[in-house]
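J.: just need the structure, nothing else, for what follows:
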Amino acid sequence: MLKTIKGKLIAYFSVAFLSVAVIICAYYYNTNYRLQENQIIENVSSNIDYIQSNINRMLIRCEEFSDKIYWDDQITKILTREYDSRKSYYSLDRDLVNAINNISLYLDNDIISKYINGIVIKGNNGRAIKYGLDADYINIDELTQTGWFQENRNNDHLEWLPMIGHDSPVIQDKYQLPVVRKLILNYTGRNVGWMFISVSPSIIEDVVKDYELSSDDILIICDRDRNCIYSSNPGLSGTNVAGLLDSWGDEREINYNDQKWFVVKDHSEYSGFMIIQLINNRVFRNQSEILLKSTVMMIIIILVVIFVLTSLLSNILMKPISNITRRMKIIATGDFSVDESLEGDDEIGTLGKGINRLSKSVNSLMEQMRREEALKKELEYKTLQSQINPHFVYNVLNSIKIMAQLQGADSIYTMVESFGELLKEVSKGVDDKITIRKEFELLERYVYLQKIRKKGLIRTEYQIEPGCENALIIKFLLQPLVENAILHGFERKKGMEIIQIGARREGDNLLILIRDNGIGMTEEEISQLFRTNPESKIQYNKIGVKNIQERIQILYGTEYGLSYESEPDRYTVVSVLLPFESKRGEDIV
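T.: Modelled structure (predicted):
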């Protein structure tokens, strides 16, 4: 199936669309799973915050009750008076009755009355007031010796102390929530005694009993010392869960009793109580199974739709592609005619237009390649032809040089030697590459011959940028350009004729500049240089400026070659741009 374009289109589009669908469904599943998870946790967090608020309201009612005792003048009267005479004892009984009546009045019709197990009030004068079913069974001496009592007896305000044990024959509570605070004389602020209130833990249990807790979840309420005041797990009630909470830390997910749970906590700054609810992972697992089933069903539906759509799409695309395939086979046989049925406004139609343009341009491109190949062979032939005569002439000049040396004609000897060196290099071939330093040496030999003709009125200046001495250049590439400067640039020129030749590197290229102070050229004359015919004077060995330009561009590309800048009667500058090559034949750098 995958051997055909249609099969590949169906496979590729199916894989692509299915991948997108799977990603979307995975995102949908993960997002909704997290959303449900967060929603459950937020609901639980809101519920236990509500429970914490209700517990605080009940505890505040207890604090308000203690405030009434704190400010009660009748109670402080008993704690400050000295009852010594018989008459004073009658007064003590009356005062005790009044104080107990006041306490009873404070608790009447108050919801917290059923949670107050007992109240003990003791003055610094040794007088004591007891109220409640459990009050008579409280041993004051043992109470005052406990550490928590000693630490909190002078509290100005009520603090909810850690839960303690409760041993009473009349009340069934195993534990109690103790409250201790000092009592003062209202108008002086003097400490006159203390009060102790025993509060039943059922005050917490009654708040929680209306809370709908899942049978799989666990609710824990503990005091500031992490003693468990209430728990839906009876085994935790009355125990210290500090170690358990420390092991859980701040983790959101924990393992407890070989099960996975989510932990939600709420802490009260007022009471120091902490409420912890453990949500069983089964709740989330049940939700995720429902969500997973819906996601799988969605993937199946999407897969069916994708297969149908890709089949239709492949059929639509196959017809123009088949036409293009058929046309390419025809082109392969050598038929480059145009088929307009391939063209259209869409991408495949654009491809058809490209095939038609390709057909139109192939013939012209092949013809251009044939012309360039013929031109290259012609240049090679001309170069080879130019090497024939120099061999013969060089041998003759060598004989003349020997005769001039024997006859003492030193100037003729030097002139013939320079000319002979030039011919010797020509005979070796002009397509070879030599260093820029060697090319400048050959130029100097040529200029020496011209200096003799010009009676020494030619001065050459050479400048090579450090690092360019071993750059490679085609042999005798610069000689025709220097010849043009001497024969045409200095025509009708009076005075010293100066030629400045320099070479420097520009990035990955080698730039050679030849400047003369000759008569210069107009723009029209510069353009004529590149249209010079074979008989033009601006040639050397029948290879003129135009042929030099073509030679460079055939070898290196159209971005390289010659360029002229000139100002009549002032100067002419020839720029030669070549790729930078090293002497060792390395790649262009």
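
J.: name the helix or strand for the nearest residue to Y270 once chain neighbours are set aside, please.
T.: Nearest residue to Y270, sequence neighbours excluded (CB to CB, 6 or more residues apart in numbering): N56, at 5.3 Å. Bear in mind the C-beta positions are built from the backbone N, C-alpha and C, glycine included. Using DSSP states H and E, N56 sits within helix 5-70.

J.: how far is that helix from where the chain is centred?
T.: Counting by CA atoms, centre = their mean, to the nearest Å, helix 5-70 is centred 29 Å from the centre of its parent chain.

J.: just checking, what packs against that helix?
T.: For helix 5-70, the packing partners by 3 or more CB pairs under 8 Å, 6 or more residues apart in numbering; DSSP states H and E come out as helix 86-107, strand 116-123, strand 175-184, strand 191-199, helix 202-208, strand 259-267, strand 274-280, helix 281-332.

J.: quick one: closest of those to L449.
T.: Nearest to L449, of all those, is helix 281-332, at 59.0 Å by CB to CB.

J.: if we can go back for a sec, enumerate the positions of the helix or strand just after the helix holding N56 that are buried.
T.: Per DSSP H and E, the first helix or strand lying C-terminal to helix 5-70 is helix 73-80. Buried residues in helix 73-80, counted by 16 or more other CB atoms under 10 Å: 74-80.

J.: so which elements touch helix 73-80?
T.: Here helix 73-80 touches helix 86-107, strand 116-123, strand 175-184, strand 191-199, going by 3+ CB pairs under 8 Å, 6+ apart.

J.: can you list those in JSON lines and add mean neighbour count?
T.: Output for the helices and strands packed on helix 73-80, formatted as JSON lines (neighbours: other CB atoms under 10 Å):
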{"stretch": "helix 86-107", "mean neighbour count": "14"}
{"stretch": "strand 116-123", "mean neighbour count": "22"}
{"stretch": "strand 175-184", "mean neighbour count": "21"}
{"stretch": "strand 191-199", "mean neighbour count": "22"}
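
J.: any idea which of the ones you listed scores lowest on pLDDT?
T.: Lowest mean pLDDT within the helices and strands packed on helix 73-80: helix 86-107, at a mean of 81.

J.: rewinding a little: wait, what's in contact with the residue nearest to Y270?
T.: Residues touching N56, when contacts are defined by CB atoms under 8 Å, 6 or more residues apart in numbering, comprise 268, 270-271.

J.: ok, the residues you listed vs F284, which is closest?
T.: Distances from F284 to those, taken by CB to CB, are shortest for S268, at 27.5 Å.

J.: near the closest one, how many other residues are there?
T.: 17 (other CB atoms under 10 Å).

J.: what's the closest non-adjacent residue to it?
T.: Distance criterion CB to CB, 6+ apart; nearest residue to S268, sequence neighbours excluded, is Q52 at 5.3 Å.

J.: show me the strands in the stretch 301-450 of the chain, by range?
T.: With strands called from DSSP state E, counting those that start in this stretch, the stretch 301-450 of the chain shows them at 433-435.

J.: picking up where we left off before, okay, the helices and strands packed on helix 5-70 in TSV with distance to D225 next?
T.: Converted to TSV, the helices and strands packed on helix 5-70 look like this (distance: least, CB to CB, whole Å):
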stretch	distance to D225
helix 86-107	28
strand 116-123	20
strand 175-184	12
strand 191-199	16
helix 202-208	15
strand 259-267	14
strand 274-280	11
helix 281-332	30
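
J.: looking at the ones you listed, which is closest to L244?
T.: Comparing those by CB to CB, strand 274-280 comes nearest, at 9.4 Å.

J.: just give me how far that closest one sits from the chain centre.
T.: Centre-to-centre, strand 274-280 and its host chain are 39 Å apart (CA atoms, centre = their mean).

J.: for it, name the packing helices and strands.
T.: helix 5-70, strand 218-222, strand 259-267.

J.: spit out the contact partners of R437.
T.: By CB under 8 Å, 6+ apart, the contact set of R437 is 464, 469-470.

J.: can you pick the most crowded of the residues you listed?
T.: Those, ranked by neighbours (other CB under 10 Å): first place I464, 18 neighbours.

J.: in this structure that residue contacts E439, no?
T.: No. Using CB atoms under 8 Å, I464 is not in contact with E439; the gap is 10.3 Å.

J.: Throw the helices and strands packed on strand 274-280 into JSON lines and include mean pLDDT and distance to I348, thanks.
T.: As requested, these are exported to JSON lines (pLDDT from 0 to 100; distance: least, CB to CB, whole Å):
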{"stretch": "helix 5-70", "mean pLDDT": "84", "distance to I348": "12"}
{"stretch": "strand 218-222", "mean pLDDT": "93", "distance to I348": "67"}
{"stretch": "strand 259-267", "mean pLDDT": "91", "distance to I348": "56"}
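
J.: out of those, the one nearest V207 is which?
T.: So among these, helix 5-70 is nearest, using CB to CB, at 4.8 Å.

J.: just the mean pLDDT for the helix or strand that T572 is a member of, thanks.
T.: Counting by DSSP H and E, the element that carries T572 is strand 571-579. Average pLDDT, strand 571-579: 93.

J.: what do you get for stretch 350-367?
T.: For stretch 350-367, the mean pLDDT works out to 74.

J.: before we move on, what about stretch 328-342?
T.: The average of the pLDDT scores along stretch 328-342 is 73.

J.: which parts of it are buried?
T.: Residues of stretch 328-342 classed as buried by neighbour count (16+ other CB under 10 Å): 339, 342.

J.: so what's D73 up against?
T.: N186.

J.: check it and give its pLDDT.
T.: D73 is assigned 88 on the pLDDT scale.

J.: again, but for M415
T.: Per-residue pLDDT puts M415 at 65.

J.: same check on V589?
T.: So V589 comes in at 46 (pLDDT).

J.: same thing with I458?
T.: 86.
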